[in-house]
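Undergrad: Turn this into a structure:
(chains A and B)
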Amino acid sequence: MAATNASGPFRATGAIRDDDTAGLPFFEAVGGDWSDIAEEAARLAEDRMVVNMGPQHPSTHGVLRLMLEIDGETVTEARAGIGYLHTGIEKSMEYRTWSQGPTWCTRMDYVAPLFQEAAYCLAVEKLLGITDQVPERATVIRVLMMELNRISSHLVCLATGGNELGATTIMTTGFTGREEILRIFELITGLRMNHAYIRPGGVVQDIPPGALDTIREALPKVRGYINQLEDLMLGNPIYKGRTIGVGYLDLSACMALGVTGPVLRSAGLPYDVRKDDPYCGYETYDFDVPTTTNADSYDRTVLRFEEMYQSMRIIDQAMDRLQAMGAGPVMVEDKKIAWPAQLAIGSDGMGNSLDHIKEIMGSSMEALIHHFKLVTEGFRVPAGQAWQTVEHPRGVLGVHLVSDGGTRPYRAHFRDPSFNNLQAVSLMCEGGQVADVVVSVAALDPVLGGVDR
Amino acid sequence: MSDEKKDGVEAADAAEATKPGSGVVGTPSSGTPQTTSEAAYEAGSQNLPAGPSPDGRRELEVMAVKKGMFGATQGQDTSGYGGLVRTIAFPGPSERPYGGYFDEVVDVLAEVLDEDGPGFDAAIEKVVVDRGELTLFVRREHLVTVCQALRDDQDLRFELGLGVSGVHYPHDEGRELHAVYHLHSVTHRRKLRLEVAVPEADPHIPSSTSVYPGHDWHERETYDFFGIVFDDHPGLSRIQMPDDWPGHPQRKDYPLGGIPVEYKGAHIPPPDLRRSYN
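TA: Prediction:
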């Protein structure tokens, strides 16, 4: 409907038809120096432009495409285009067993992989009706890992957000801090990302000896980097000038658009699934849900710092609990569900535990059959559906699982917070400056792996 | 939308399954048709958790009856798996008391709908309580009214619409496509699920975006993946797949795709062609 629009035929959304553009000055610029493009635009005496940002723009957090209609420096219309990283993970999960699910969903939001794993496993456990049988130790390890992951995810958000404003030091400091946490992940899960560590019924293996000491040594360093970042960002007049009052999204807009996480809490509502509908025993941990009231990008930065400190409180409590309870099972006792073999480090660096191999190959035919059945066929999950929400660093992550009684998910749907929150881009950017678009998007902190799945 | 469907392995699997109640299930090798017995339906219920119903029984919603396994029906069945009959049954309507806050939510909703709406029985097909979750099956023509009541009534206040997803049940005749809505109440710390079932031949559901604007992209995604058309949506277009993509990828008759991979001389088939235990 471009022709009937008061603002003329060029709009950020909707197809441009040839007959609309007849007789109008029209030029297409792809790449190149912005000053040349601006000069050309000035020569044509045309202030209003449609600018396509992305999907390969360095400040779009991955392959996000933004379509902006700008009048001078003012954004009059902004739309987000997604789908450039769609890999059909949900469809693929329908063709793998329930135990293979974490390997897939961990790759959705790759900056916060453990949250997808935890939410998926909690949903499978709900479908199986074994929520109460998951060992306490596994639950505490899950909490520990998720909170470490929350810090590393927030650090990436702040680091990339600063980088997009040209503050490279914020970027390097943030990523160095995250490195400390990734080392912990590598020690515990074997991988820096895409862990597939949390499995239906528990976690894949216990934390290795000395892991708690490593975390205790690493945390003060992480806290040091966070303090440095705070010094770099919160009092910085340039950072404040770029973020205060930018990307405003008030409470009613957040609620209407289903926006959750730090963005919702920056509007003043202390909504946090860990408090509202606790899972993994979060009700037994002592922590606060910080809020602010200005609903702008600066407040979201402040909140992310606060949330990292709260996560550290939870990590401390989780480590104390692990220390106090001592060694114990980390997988449900039910042998019809639990993965048959624990992993052990072999001469090749990683492998199945030798004791287990000895048992199934040498002494027990039943154990061999059982191992074979569970690994190739998998366990069956009673028919029905389940919905599990967890507090993801970016908001509410919801998992909707449907089982038809078979060995594979009949349907697995992930309500990714970034996917939902990106809808707010139009509301946050329209009427603002072009340069503020980058700030607003950075404050939403979308990760396109999760958005597109 | 049937012209957009692609033939695939799932379609072959689908052909193996019988619609519920269509009765005759035969094994080609034996040549003698075998009727799906009550016992077989009963056997399918082993996949259900023990229901909370007081008399220990609960109604089941039979969605499909599958027979055979490992493709045993396609040749001489020496394994005996060809005669396997499996009922896919989902938890059916629940009886009061639903437990927890569920009774109160249903009561208040019934009151609101009976007072200035189409009436509870007209709008809600059935109430299912399973695994501690409340599901209301809503007739599609009343979906927006129900959403409005759930969001606006002060005793309900489901302010947060957390999105829409679809599920495809190809054997649930006349109700093949389900749209599932998850609503949370921040005020009362409650949650519930709405489910709307529509036939594949007429996949229209009114859009809930007038009540929950945040459902905009979720409905686009459900349209993209399942082909459910949300009427009065402000801009229903594909969101994940390219605009000119044929078909709806999350439907069960849409193949997964993939190529065989060679490893040390052996070929590993793509995942949808591997042995299935379903």
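Undergrad: Now do the strands in the stretch 151-278 of chain B.
TA: For the stretch 151-278 of chain B, strands defined by DSSP state E, counting those that start in this stretch occupy the ranges B:160-168, B:177-185, B:190-198, B:204-206, B:229-231, B:261-263, B:266-268.
Undergrad: Ignore what I typed, I meant the stretch 201-350 of chain A.
TA: Using DSSP E, counting those that start in this stretch, strands in the stretch 201-350 of chain A cover A:202-203, A:343-344.
Undergrad: Could you identify which of these has the lowest mean pLDDT?
TA: Per-stretch averages of pLDDT across these put strand A:343-344 at the bottom, with a mean of 68.
Undergrad: which residue does the stretch 51-200 of chain B bring closest to chain A?
TA: Nearest residue of the stretch 51-200 of chain B to chain A: B:Ser165, at 3.9 Å (CB to the nearest CB). Quick note: C-beta positions are derived from backbone N, CA and C, even for glycine.
Undergrad: could you dump the strands of the stretch 151-278 of chain B to JSON lines with mean neighbour count?
TA: Listed next are the strands of the stretch 151-278 of chain B as JSON lines, based on neighbours: other CB atoms under 10 Å in any protein chain shown:
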{"stretch": "strand B:160-168", "mean neighbour count": "26"}
{"stretch": "strand B:177-185", "mean neighbour count": "24"}
{"stretch": "strand B:190-198", "mean neighbour count": "21"}
{"stretch": "strand B:204-206", "mean neighbour count": "19"}
{"stretch": "strand B:229-231", "mean neighbour count": "18"}
{"stretch": "strand B:261-263", "mean neighbour count": "9"}
{"stretch": "strand B:266-268", "mean neighbour count": "9"}
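Undergrad: Tabulate those strands (a markdown table), appending distance to A:Tyr197 and mean pLDDT.
TA: Output for the strands of the stretch 151-278 of chain B, formatted as a markdown table (distance: least, CB to CB, whole Å; pLDDT from 0 to 100):
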| stretch | distance to A:Tyr197 | mean pLDDT |
| --- | --- | --- |
| strand B:160-168 | 26 | 92 |
| strand B:177-185 | 27 | 94 |
| strand B:190-198 | 28 | 93 |
| strand B:204-206 | 39 | 94 |
| strand B:229-231 | 38 | 92 |
| strand B:261-263 | 26 | 90 |
| strand B:266-268 | 26 | 89 |
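Undergrad: Those: which one's closest to B:Gly83?
TA: strand B:160-168 (27.8 Å; CB to CB).
Undergrad: Provide the strand pairings for that closest one, with the direction of each partner.
TA: strand B:177-185 (antiparallel) (DSSP bridges).
Undergrad: you'd agree B:Leu136 is up against B:Arg193?
TA: Yes. Under the criterion of CB atoms under 8 Å, B:Leu136 makes contact with B:Arg193 at 7.3 Å.
Undergrad: Nearest to A:Arg192 among the strands of the stretch 151-278 of chain B would be which one?
TA: The nearest among the strands of the stretch 151-278 of chain B, by CB to CB, is strand B:261-263 at 26.1 Å.
Undergrad: And the residue nearest the centre of chain B?
TA: The C-alpha lying nearest the average C-alpha coordinate of chain B belongs to B:Val167 (CA atoms, centre = their mean; 4.3 Å).
Undergrad: Might one say that that residue is in contact with A:Val402?
TA: Yes. Judged on CB under 8 Å, B:Val167 makes contact with A:Val402 at a distance of 5.4 Å.
Undergrad: Quick check: neighbours shared by the two?
TA: With contacts defined as CB atoms under 8 Å, 6 or more residues apart in numbering or on different chains, the residues shared by B:Val167 and A:Val402 are A:385, A:410-411.
Undergrad: So, low pLDDT: which residues of the chain?
TA: No chain was given, so I picked chain A. For chain A, the stretches flagged by pLDDT under 70 are A:1-32, A:34, A:41, A:44-47, A:57-60, A:342-351.
Undergrad: wait, I meant chain B there
TA: B:1-59, B:70-79, B:278.
Undergrad: Name the single longest helix found in it.
TA: Ranked by residue count, the top helix of chain B under DSSP state H comes out as helix B:102-116.
Undergrad: And that one, what does it pack against?
TA: Helices and strands touching helix B:102-116, by 3 or more CB pairs under 8 Å, 6 or more residues apart in numbering or on different chains; DSSP states H and E, are helix B:120-123, strand B:124-130, strand B:133-138, helix B:143-152, strand B:190-198.
Undergrad: Make TSV out of the ones you listed and add distance to chain A.
TA: Output for these, formatted as TSV (distance: least, CB to the nearest CB, whole Å):
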stretch	distance to chain A
helix B:120-123	21
strand B:124-130	5
strand B:133-138	6
helix B:143-152	10
strand B:190-198	6
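Undergrad: and the ones you listed as CSV, adding distance to B:Pro206?
TA: CSV is the format used below for the helices and strands packed on helix B:102-116 (distance: least, CB to CB, whole Å):
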stretch, distance to B:Pro206
helix B:120-123, 12
strand B:124-130, 16
strand B:133-138, 11
helix B:143-152, 5
strand B:190-198, 9
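Undergrad: So which of these is nearest A:Thr243?
TA: In terms of CB to CB, the element of the helices and strands packed on helix B:102-116 nearest to A:Thr243 is helix B:143-152, at 32.6 Å.
Undergrad: State the number of residues packed around A:Phe287.
TA: The burial count assigned to A:Phe287 is 18, neighbours taken as other CB atoms under 10 Å in any protein chain shown.
Undergrad: What distance do you get for it to A:Ala367?
TA: 43 Å (CB to CB, to the nearest Å).
Undergrad: outside of the longest helix of chain B, which residues touch it?
TA: B:96-98, B:119-120, B:122-124, B:127, B:129, B:134, B:136, B:145-146, B:149-150, B:153, B:155-156, B:190, B:192.
Undergrad: residues contacting the residue nearest to A:Asp404 when sequence neighbours are not counted?
TA: Spatially, and ignoring its direct neighbours in sequence, A:Asp404 is nearest to A:Tyr410 (4.2 Å; CB to CB, 6 or more residues apart in numbering or on different chains). Contact analysis of A:Tyr410 by CB under 8 Å, 6+ apart lists A:94, A:402-404, B:167.
Undergrad: rerun that using 6 Å as the cut-off
TA: A:Tyr410 is in contact with A:402-404, counting by CB atoms under 6 Å, 6 or more residues apart in numbering or on different chains.
Undergrad: any idea how far the nearest residue to B:Gly174 once chain neighbours are set aside lies from B:Arg175?
TA: Once flanking residues are discounted, B:Gly174 sits nearest to B:Pro199: 4.8 Å by CB to CB, 6+ apart. Going from B:Pro199 to B:Arg175 by CB to CB gives 6 Å.
Undergrad: got the contact list for the residue of the stretch 151-300 of chain A found nearest chain B?
TA: At 3.1 Å from chain B, A:Gly258 is the closest residue in the stretch 151-300 of chain A, using CB to the nearest CB. Taking CB under 6 Å, 6+ apart, we find A:Gly258 in contact with A:420, B:161, B:214.
Undergrad: for chain B, what are the nearby residues on chain A?
TA: For chain A, the residues in contact with chain B (CB under 6 Å from any CB of the partner chain) are A:83, A:86, A:91, A:95, A:126, A:129, A:255-258, A:271, A:276, A:377, A:382-384, A:386-387, A:398, A:400, A:402, A:404-407, A:411, A:413, A:415, A:423.
Undergrad: Could you pull out the buried residues of stretch B:82-95?
TA: Neighbour-count burial for stretch B:82-95, with 16 or more other CB atoms under 10 Å in any protein chain shown as criterion, is recorded at B:82-91, B:94.
Undergrad: so what's residue 178 up against?
TA: Assuming you mean chain A. A:152, A:155.
Undergrad: Not quite, go with chain B.
TA: B:167, B:195, B:197.
Undergrad: what sits opposite it in the beta ladder?
TA: Beta-bridge partners, per DSSP bridges, of B:His178: B:Val167, B:Ala197.
Undergrad: before we move on, what about the one 5 residues further on?
TA: Taking DSSP bridges, one obtains B:Gly161, B:Leu192 as the residues bridged to B:Leu183.
Undergrad: gap between it and B:Ala89?
TA: In terms of CB to CB, B:Leu183 sits 26 Å off from B:Ala89.
Undergrad: just to revisit the earlier point, quick one: neighbours of the residue nearest to B:Gly174, just the number.
TA: 13.
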